[in-house]
Every structure is written in C-alpha cells, then in structure tokens.
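Colleague: here is my input, please return the structure:
(2 chains)
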Amino acid sequence: MLEISNLHCSIGGNEILRGLSLSVNAGEVHAIMGPNGSGKSTLAQVVAGHQDYAVSEGSVTYEGKDLLELEPEERAREGIFLGFQYPVEIPGVNNAYLLKAAMNAKRKHEGLGEVDAFEFLKLAREKMATLGMDPKFLNRGVNEGFSGGEKKRNEILQMAMLEPKLAILDETDSGLDIDALKTVAEGVNSLRSPDRAIVLVTHYQRLLDYVKPDVVHVLSEGRIVRSGDKSLALELEERGYDWVREAANA
Amino acid sequence: MSRESHSIDALRDIVGRLPTTRDEDWRYTDLGTVREISSRWLAAGRDSLALELQAEIEAITGGIDADWIVLANGELQGPVNVDCAARLDEAPSSGTALAELNAALLKDGLRIHVAGVHDKPIGVLMIDGTEDASVSQAYVEIEFAPGASGDIIEYHASEGDADQYANTVVALTIGDAASARHLRIQNRASNHVQTGRTSVSVGRDAKYTMAGFDLGGGLIRNDIEIDIAAAGAEVSFDGLYLAGDGQHIDNHTRVDHRVGPATSRQEYRGILNGKCRCVWNGKAIVHEGADGTDADQADHNLLLSDKAEIDAKPELEIYADDVKCSHGTTVGQLDETSLFYLRTRGLDERHATQVLTHAFAADLVARMPVAAAREALASIVESRLADLLDSDPGTFS
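Modeller: Got it, this is the predicted structure:
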C-alpha cells in the first residue's frame, strides 16, 4: 500500500530523513520508534504532504500513485489520515462542521453525495460513545480548550469517521493517562482491518501493549536501522535507543 | 438656521471646509470623492430623482425582525408608526464642517425615546438611491431613559448605482442604569461614500454594548465617540470590517473616560482582500481624576492579499493614576499550521481559507448584542465573506 524508497528530505536546509525506506501492506500495523529528533514526525508530515519539507531524493508511492505529486487534501481524499502529535485548535470552527466537511470532501472524491445529516449525527454519537467523548464536543470549536487527552481522542474520532485506508498516528500516546491510553488504543484496534494499514509513530512502547504491531521499526538519524516483530519494542524498552544506534554504526 | 436659508454658495463653502488629508485625524482618508459628488449635485440644483425601493425592508435587511423606520435619501418614508419615535426638525450644527453640512442639509431628523424594557428591536434603515449623483443627511437622536433597556439596529444600504454620498449622525444618550444594545450594519454599494458619526454619552451604571459591521461601501469613514461622564459605566463595542478591491474603510474611535470607575473595551477585526485600504485608530483618553478606569482596545487584521493595506494605531492618553489600560494590534495572514491541518482532513486550500476566515469573523457575530438579529446577520456576513474570497482568491498563497 505504501512504498517509501531511499527518501531524503530536509527542512530549512537541515536534512532530516537520509535514505529512509519502508514498505507497509494493507492489513498491517507498523510501529515506528526512535529517539527524539530521529525523524519520526518528519516522516509522518511528509507522507501527509506538509510543504515545508523538501524532498531531494527517493520516492513515495501509495497504491501505485506517486504520493509526492499530490496535494495534502488529495492524499486525504485518497484515504490517508494523519493523527497530529499536536492537534491544532481552531476556535470558531465547530467539530461537527469539520467532520462533515472532511467526510463530504472524501465522498465527493468517491463520486458519492453528501452525508445525510441524520446518519452523520448517529454515526458521530456512536463513535464518540466508544471513545468516551461527551456528544457536546461536536458543537465545540475544533480542539478549542480541549485537554491533551481530549485532543487525542478527537483525532481518533476524526479517523474513525473518515475510515482511512492508511492511518499514521503521530505520538498519539503522548500526554495520555493510562485510562485515556486504553480508550485511544481500543479506538485504534477497532479500526484494524484486512484492507487498512496503520502506522504508529511513538517514542515509548507502552501504546504497543494495547495495540499489537505486526512490525516494529527503529528510526535513527533519518533512516530505519532495524526492523523486527513486537519483541524489538520490548528489547528497546530494556536496552534504550543507544543500543540500536551503536548497532547501526558498528 | 433652517435649511432654506442655505444658498448654494453657503453650501459650497461648507463643502470647501470639509477635512483634508492634512488634518491628522484624516491623514489616510481623502474626502476628494465627497467634494466631487457634492459639487456635481449642487451644480444640478440639489435635485436628483429618488429611486423607488425595489425590495421590501425585510429583503433589504436580510430578514432582521425589528420595528423599522425608513429614511430614504434622508427623508422619512410614511408616517413614523413606532411609538417611541418622532420626526425632528433640526439637528445641532456645532462643531465640525461635517456636522454643519448635516445640519444645513437635513430634511428629516429622527428622535427615538426608549423607556422601560423595550422587547422588539427598533430598526432605522438608511437607504440612498437616486437617478444621478446625490448627497443625503441623516440625524438620529436616541435617548434611553434611566433604567430603560432595548435594542437599536442601524442598517445602511443602497439602491441603484448612481454615486451617493451619505453623511449620518447618530447621537445616543444612555440614562443612568439603562442598558442599550446597538447593532450597526453598513452594507452599501461599492460606489457609495459615507461619513458616519456615532456619539454616545453614557450615564451612571449604564451599559452600552455595540457592534458595527462594515460589509460594503466604497469609501467609508466611521467616527465613534463615547463619553463616559458618570461612574459605573460599562462600555463594550466590536467592529468587523470586510474590504475588497477598491474599498476604503476607516474606523476612528474615541473613548473619553471622565469619571471612574468605569470600563470600556473595544475589539475591531478586519479581513482584507485585493487592493484595498483600511484604517483603525482607537483613542482612549483617561481624564484627570478618572481613577478606577479599565480600558482595553484591540484591532486584529487578516490580510489575504499583498495589495491590501491596514493602518492600525492605538492611542492612549492617561492623566489619572489608578487605571488599567491595554491595547494591541495584530496584522497577519492565516495560520499555516491550521491551514495544513484542515487540508489533511480533505478540505482544499480555498475551502480551508474560507473556513478559517469565517472563523475569524464568527466570534464577533456570536457575541453581537442584539440577539434577535444574530441569525440574519450571520448569513449576511457569510455571503459577503464568500464574495470577498471569490474576488481575489489566493493572492498570498
């Protein structure tokens, strides 16, 4: 589904990704781990289409299409979802409006009519209930005055409503207490399906106790230096990132 | 002095004394068009055939539910059948050349007296439209009796496409412990010029809440002058100006805190697209002895085009000791991170821009004080915003 090959990319003249390659198939859950500054968030932003990052080499294909040619909104409509590490507060735009606009943009792209108001509300309430969100959040400004946990739940709500083919969740576990972490993990698990891929970008392995990944990658200095199964995450937890870094440089 | 006694020469003399850009308060706003329209109109014998209104009041005002009084080309339409309103013969002519012009050319003044609790908003529709260039005056005196409470809506509109100059004065007196809510909507045609003065005198423990929306017009100058001469007054006003290609919108505000404690706060917001210019000058004067004054003023601008220009200037003059005053102005473009966030949700750049711009304006609509008009106003603002973004999309992208 997603094929990244020898990706080099920089921001403001600093090269962050230095030859990153990654292959993600439908039905898989990948975890990308790595120390701060290794390029995890950059990877997420580049796949979503952030224009501040300049790609100098390599390719990213998604379902056979050259992803780098597509605008961020085109990527979203094609089924890519980025869960932000720091979801943006947008006062004056209510949550329901954004959810509906996002769904309709995608539906239009798929040749479907606008979502029915009643169906929308029913679906939103259902998803919110499973995420332990008060339905009142629908009428609040997007992330406006939300706590850290509420913002992350709101990202998962958007993902659940949009049903992406490829979801990239950037540090969705950061700043969550254990109950919120469990709820968010349940939300992610409920979206696991044979035709969907999920990429979890995370610094710690505790999210992986609740969302079991098929593949774990370790990112260091802009490259994937090691890939393995879930046991790699546990090993990392024990031995720290220096271990992989040293192993990579050896 | 009644209007008959003004000869064409006397009127030309007043027009000749209108402010120019050499006056500090008029530095950015050139009334050349006013002089030009006025002389055409005077040369044509001060006569231009009034156009008949093509639409019902409800249609013109976007369906705002109010007891409407209509001043068309400065003339009252039909008998005034709002209880608390009556025709006025004269306007005070003291002060500036603009006030003199207003008094000299006034046809029908209007006086509104609000006593007790007045539930339904009182609306004054000032609409101008004649076959050829013309000049009109409006003078509206509004008095809130002590303890009174009510809503006033002022709506400025145009009919037809001849050049028009409207000079309007609205003078409010808010009695002790009264509560006045005032909505002002200016939605004139693009070749219409308006100089509008709103002067407000606020009594003891009185509350005056105002919101002004400048959505149309070619050259617009608003002067808001608020005088706090008694303790306990609470003054709050907001202003939204939307300017597109060729528009010039100037808001000059002045709040005189003569006695404390009292509070005044103002927040203006501008959305500018295309080649246009807006001015905001907010002056607060805290006079000697006005201790306990709390004054706050802000002006925030969204520039969607690199051809748009804003001159924003807060001015504070403080002559008392125990005061709390603050001011702030910002000028910027849309937040890039917010734009990206919306685009990752599938909204194209245009839609995302529209959503964020709308949000910037929506706050002021949401807290606008005349509840009965909120829904209508929201849709007027929304449609004007859509036009504004269409007019010159993505100049800055």
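Colleague: all helices of the chain, in order?
Modeller: No chain in the question, so chain A it is. With DSSP state H applied, chain A shows helices at A:40-48, A:72-77, A:95-109, A:117-130, A:148-162, A:178-190, A:230-239, A:241-249, listed in chain order.
Colleague: let me rephrase: I mean chain B.
Modeller: Listed from the start of the chain, chain B has helices (DSSP H) covering B:8-16, B:32-43, B:57-60, B:97-105, B:336-343, B:349-366, B:374-391.
Colleague: so what secondary structure elements neighbour the last one?
Modeller: By that I understand helix B:374-391. Counting contacts by 3 or more CB pairs under 8 Å, 6 or more residues apart in numbering or on different chains; DSSP states H and E, helix B:374-391 packs against strand B:179-186, strand B:207-214, strand B:234-243, helix B:349-366. Every residue, glycine included, has its C-beta placed from N, CA and C.
Colleague: buried residues, that helix. List them.
Modeller: Residues of helix B:374-391 classed as buried by neighbour count (16 or more other CB atoms under 10 Å in any protein chain shown): B:374, B:376-378, B:380-381, B:384-385, B:388-389.
Colleague: how about those in a markdown table, adding pLDDT?
Modeller: Shown next, in a markdown table, are the buried residues of helix B:374-391 (pLDDT from 0 to 100):
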| residue | pLDDT |
| --- | --- |
| B:Arg374 | 95 |
| B:Ala376 | 94 |
| B:Leu377 | 96 |
| B:Ala378 | 94 |
| B:Ile380 | 94 |
| B:Val381 | 95 |
| B:Arg384 | 93 |
| B:Leu385 | 92 |
| B:Leu388 | 92 |
| B:Leu389 | 88 |
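Colleague: so which of the helices of chain A is nearest B:Leu302?
Modeller: Among those, the nearest to B:Leu302 by CB to CB is helix A:95-109 (19.2 Å).
Colleague: so where is the chain shaky, pLDDT-wise?
Modeller: Assuming you mean chain A. Chain A contains residues with pLDDT under 70 at A:247-250.
Colleague: right idea, wrong chain: chain B
Modeller: B:1-5, B:392-397.
Colleague: and it, which residues reach chain A?
Modeller: Within chain B, the positions near chain A by CB under 8 Å from any CB of the partner chain are B:335, B:337-338, B:340-349, B:351-352, B:355-356, B:358-360, B:362-363.
Colleague: partners of B:Asp128 in the sheet?
Modeller: According to DSSP bridges, the residues that bridge with B:Asp128 are B:Ser158.
Colleague: nope, B:His248 is what I was after
Modeller: Bridge pairing for B:His248 - DSSP bridges - gives B:Leu219, B:Arg277.
Colleague: for B:Thr329, the count of nearby residues, please.
Modeller: Residues lying near B:Thr329 (other CB atoms under 10 Å in any protein chain shown) number 16.
Colleague: cool, and A:Ser59?
Modeller: Count around A:Ser59 with other CB under 10 Å applied: 14.
Colleague: how close does it get to A:Lys165?
Modeller: Separation of A:Ser59 from A:Lys165 (CB to CB, to the nearest Å): 19 Å.
Colleague: so which residue of chain B comes closest to chain A?
Modeller: When you check chain B against chain A by CB to the nearest CB, the closest residue turns out to be B:Ala359, at 3.0 Å.
Colleague: tell me the contacts of that residue?
Modeller: Contact partners of B:Ala359, counting by CB atoms under 8 Å, 6 or more residues apart in numbering or on different chains, are A:90-93, A:141.
Colleague: chain B: which of those residues is nearest?
Modeller: Among the contacts of B:Ala359, and counting by CB to the nearest CB, the member closest to chain B is A:Gly92, at 3.0 Å.
Colleague: stretch B:253-261: end-to-end distance?
Modeller: With CA to CA, to the nearest Å as the measure, stretch B:253-261 spans 20 Å from end to end.
Colleague: picking that back up, include distance to B:Leu11 when you put the helices and strands packed on helix B:374-391 into a markdown table, please.
Modeller: Formatted as a markdown table, these follow (distance: least, CB to CB, whole Å):
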| stretch | distance to B:Leu11 |
| --- | --- |
| strand B:179-186 | 25 |
| strand B:207-214 | 28 |
| strand B:234-243 | 31 |
| helix B:349-366 | 38 |
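Colleague: out of these, the one nearest A:Leu236 is which?
Modeller: Of all the helices and strands packed on helix B:374-391, helix B:349-366 comes closest under CB to CB, at 38.1 Å.
Colleague: and residue 102, how many residues sit next to it?
Modeller: Using chain A here. Using other CB under 10 Å, A:Ala102 has 22 neighbouring residues.
Colleague: my question was about chain B, not that one.
Modeller: B:Asn102 sits with 25 neighbouring residues when counted by other CB under 10 Å.
Colleague: so it sits right up against B:Ala166, yeah?
Modeller: No: using CB atoms under 8 Å, B:Asn102 makes no contact with B:Ala166, being 10.3 Å away.
Colleague: what's the overlap in contacts for these two?
Modeller: Common neighbours of B:Asn102 and B:Ala166 are listed as B:137-138 (criterion: CB under 8 Å, 6+ apart).
Colleague: just to revisit the earlier point, in CSV, list the helices of chain B along with distance to A:Ile156.
Modeller: Listed next are the helices of chain B as CSV, based on distance: least, CB to CB, whole Å:
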stretch, distance to A:Ile156
helix B:8-16, 66
helix B:32-43, 57
helix B:57-60, 46
helix B:97-105, 59
helix B:336-343, 15
helix B:349-366, 22
helix B:374-391, 31
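Colleague: right, so of those, which gets closest to A:Leu68?
Modeller: That would be helix B:336-343 among these, by CB to CB, at 15.3 Å.
Colleague: next, the buried residues of that closest one.
Modeller: Of the residues in helix B:336-343, those buried under the neighbour-count criterion (16+ other CB under 10 Å) are B:338-343.
Colleague: what do you get for stretch B:313-332?
Modeller: Buried, per 16+ other CB under 10 Å, within stretch B:313-332: B:314, B:318, B:320, B:323, B:325, B:327, B:329, B:331.
Colleague: out of these, what pair is the most spread apart?
Modeller: Comparing every pair within the buried residues of stretch B:313-332 by CB to CB identifies B:Ala320 and B:Val331 as the most remote, at 30.5 Å.
Colleague: from the buried residues of stretch B:313-332, which is closest to A:Lys65?
Modeller: B:Val331 (40.1 Å).
Colleague: looks like that closest one contacts B:Ile310 (just checking).
Modeller: Yes: in this structure, B:Val331 is within contact of B:Ile310 by CB under 8 Å, at 5.7 Å.
Colleague: shared neighbours, those two?
Modeller: With CB under 8 Å, 6+ apart as the test, B:Val331 and B:Ile310 both reach B:301, B:303.
Colleague: between the helices of chain B, which one is closest to A:Thr172.
Modeller: Among these, helix B:336-343 comes nearest to A:Thr172, with 15.1 Å by CB to CB.
Colleague: need the contact partners of that closest one.
Modeller: In contact with helix B:336-343 (CB under 8 Å, 6+ apart) are residues A:49-51, A:71-73, A:76, A:84, A:87-88, A:90, A:98, B:349, B:351-353, B:355-356.
Colleague: do the same with stretch A:60-67
Modeller: Contacts with stretch A:60-67, where a contact means CB under 8 Å, 6+ apart, come from A:1-5, A:7, A:46-47, A:49, A:59, A:68, A:75, A:78, A:80, A:165-166.
Colleague: what residues are up against A:Glu78?
Modeller: With CB under 8 Å, 6+ apart, A:Glu78 has these contacts: A:62-63, A:65, A:70, A:109, A:165.
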